[in-house]
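Visitor: no sequence for this one, just the structure:
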């Protein structure tokens, strides 16, 4: 079983930066493609970014491209999401998720097997 724990959320002013951390337990976690999703208030969960198991492939939602960077350190079983130039529209609960199947990285939430509990990001204007 794999458990994911997010940290790094909080309140930040528009234009500021935050780094989210997703720590995974379980020795096989470093083999999983890992994504970040978010759920804004009153809206559905949406894709943010994904990174392949070896870090060789990344993909971003258009809304965060150029502002957010996903990375990973498999030696630490950790995936990061560096968020710069934050906007009020980035306010949401952010979740990391891992796909245990060996396949190309996916952007749909249904393609992920393990989820963290989420961390709140609030961007004030």
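Guide: Structure received. What you see is a predicted model; the values in this text were computed from it and never measured.

Visitor: when you work out contacts or count neighbours from here on, use the C-alpha atoms and nothing else.
Guide: Fine.

Visitor: quick one: buried residues of stretch 18-35?
Guide: By neighbour count on 16 or more other CA atoms under 10 Å, the buried set for stretch 18-35 is 18-24, 29-35.

Visitor: and for the most centrally placed residue in the chain, nearest residue in space, chain neighbours not counted?
Guide: Per CA atoms, centre = their mean, the C-alpha nearest to the average position across the chain is that of residue 36, at 2.3 Å. Nearest residue to residue 36, sequence neighbours excluded (CA to CA, 6 or more residues apart in numbering): residue 96, at 4.5 Å.

Visitor: likewise residue 115?
Guide: Nearest non-adjacent residue to residue 115 (CA to CA, 6+ apart): residue 97, at 4.4 Å.

Visitor: show me the beta-bridge partners of the one you found.
Guide: Note on residue 97: beta-bridge partners residue 35, residue 115, judged by DSSP bridges.

Visitor: ok so, going back, check the buried residues of stretch 18-35 and tell me the two furthest apart.
Guide: For these, the farthest-apart pair by CA to CA is 18 and 31; their separation is 25.8 Å.

Visitor: show me the contacts for residue 87.
Guide: Residues in contact with residue 87, defined by CA atoms under 8 Å, 6 or more residues apart in numbering, are 14, 15, 123, 124, 125.

Visitor: same thing but 6 Å
Guide: Counting by CA atoms under 6 Å, 6 or more residues apart in numbering, residue 87 touches residue 14.
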